[in-house]
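In: Fold the stuff below for me.
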Amino acid sequence: MSLRWLFGPTKKKENENPEVKKLIKTLKNKDWTECETAARSLGKIGDARAVQSLIDVIQNAIRDRGFVQAFAGLATSPRQQALYRLKQEMDRNKSMFAACGAAAEALARIGDPRAIKPLVDFLTFDQRAPEVATSLVAFGEPAVAQLSATLKSADPFDRMRHQSTAAVLGRIGGPQAMDVLIGALKDSDLLVREAAAKALGQCGEARATEPLMALLKDESSKVHNAAAQSLEKLNIPSAQEPIVRKKRAMKTPKFVEKRRTPSGTYEVYRGSDAESARDFLKSKTVNEKQYYIKVETSTGNWGKDIDGLYLERLVPFQLEINSAQCEGSICGMPTPAGLQYAANRIADNFVVQVKCGKCGHKWEDGIGYKNMTVVRCPSCNSLNKVDSGPHITGMPGLLGFKIEI
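Out: Here you go, the predicted model:
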């Protein structure tokens, strides 16, 4: 990639602008705001005499005592406490980060390879800095060796920047970066494997397909999820069936226990989401009274008994009517038992088929009795408000339910 194409033309003659020496002197000030302004001006000028001074800006930030102590705390203090202190240091020095970002952009404009190592080093301190990452991408293949060394390093500080390092390699692309990332898929650190798998999806090259498919069997869910997502991005036909199988396996609720209580027997599973719980329960048959198959998820506990599918109770977001993004509708009939339980306040909801007001997708969900309820569309993720009141007629013991055809 051409640095000139990405950042624009630079001045080639070192003695062309008399302001350069003055701006370089400003870079040595302790005022980070002035430093940022000077760095941006030097980037526009593109004078090679400023390279070392711009590098010094970044290295001075790396040597900042507050950051050194905060990072040392990661190894000696409780992790949450140490991370909190590190965040405090980062918030306190926003102007310093802005100056470093300006220096990184200026170095990329000038294109001097001496800047690569300090830029990679700075990823430790601010993985969010887009200027630093973009500057390294602008250097292209010359930056790959230093990024590779960081990705392979056993140093704990280097390990902290594996995600940003791998992401930059993915953006650079090309044979060298691909080789480094494919090699990192075999790293003993699961976080490095995960980062490399994500980055390979950015490269967009078919030769990543086989190594990523092998990673679908990784023992870590984070790693094989990242591999599946990257394979989807690559859109290689031969990889689609393994991805579908992996997704199906990942979403299938896992058996937890079978317990007997005075109220009945419960066959308990743990699932990833409400949609997979409902799909799983639809495949099950219950023929005995007081026998319940229950799937616990982070978005509500779903179950099935002899009367059919049920939601144990509405979850908090379903009661926040103001959060709705569109108006959904009811398009199916509830079971008589489910509607009666809700009318008698044995349950706070009944299950019925609803339709998304945004994308038209239909699914079954729990709805409050004679009031508004919010439901999340499993297809487009929109929050729909649904009113059951107009559909319910009669009273408990003699209930009716009507839908528009």
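
In: domain ranges for this protein?
Out: 3-201, 252-312, 316-405 (automatic domain parsing).

In: what does the average pLDDT come to for the shortest one?
Out: If I follow you right, that is domain 252-312. Regarding domain 252-312, the rounded mean pLDDT is 92.

In: for that domain, the distance to its chain's centre please.
Out: Relative to its chain's centre, domain 252-312 lies at 29 Å (C-alpha atoms, centre = their mean, to the nearest Å).

In: One more: stretch 324-340?
Out: 32 Å.

In: distance between the ends of that stretch?
Out: From its first residue to its last, stretch 324-340 covers 27 Å (C-alpha to C-alpha, to the nearest Å).

In: ranking the domains of the chain by burial, who's on top?
Out: Of all the domains of the chain, domain 3-201 has the most neighbours on average by mean count of other C-beta atoms under 10 Å, namely a mean of 18. (Glycine included, C-beta is placed from N, CA and C.)

In: What segments of the stretch 151-300 of the chain are strands?
Out: 254-261, 264-270, 291-297, 300-305 (DSSP state E, counting those that start in this stretch).

In: Could I get these in JSON lines, plus columns for distance to V132?
Out: Listed next are the strands of the stretch 151-300 of the chain as JSON lines, based on distance: least, C-beta to C-beta, whole Å:
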{"stretch": "strand 254-261", "distance to V132": "42"}
{"stretch": "strand 264-270", "distance to V132": "41"}
{"stretch": "strand 291-297", "distance to V132": "39"}
{"stretch": "strand 300-305", "distance to V132": "42"}
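
In: who's in contact with F401?
Out: For F401, the contact set (C-beta atoms under 8 Å, 6 or more residues apart in numbering) comprises M333, P334, L339, H391, I392, T393.

In: hmm, 10 Å instead?
Out: Shown in contact with F401 (C-beta atoms under 10 Å, 6 or more residues apart in numbering): 330, 332-334, 336, 339, 350, 352, 388, 391-394.

In: who does it bridge with?
Out: I392 (DSSP bridges).

In: Next: V295.
Out: Under DSSP bridges, the beta-bridge partners of V295 are Y269, W302.

In: what about it, distance to E312?
Out: 10 Å (C-beta to C-beta, to the nearest Å).

In: Overlap of the contact sets of those two?
Out: Joint contacts of V295 and E312 (C-beta under 10 Å, 6+ apart) are N301, W302, G303.

In: For the second one, give its distance to K186.
Out: Spelled out, that is W302. Going from W302 to K186 by C-beta to C-beta gives 39 Å.

In: Out of the strands of the stretch 151-300 of the chain, flag the one nearest L107.
Out: Closest to L107 of the strands of the stretch 151-300 of the chain, according to C-beta to C-beta: strand 291-297, at 49.0 Å.

In: list the helices and strands that closest one packs on?
Out: Applying 3 or more C-beta pairs under 10 Å, 6 or more residues apart in numbering; DSSP states H and E, one finds that strand 291-297 makes contact with strand 254-261, strand 264-270, helix 274-282, strand 300-305.
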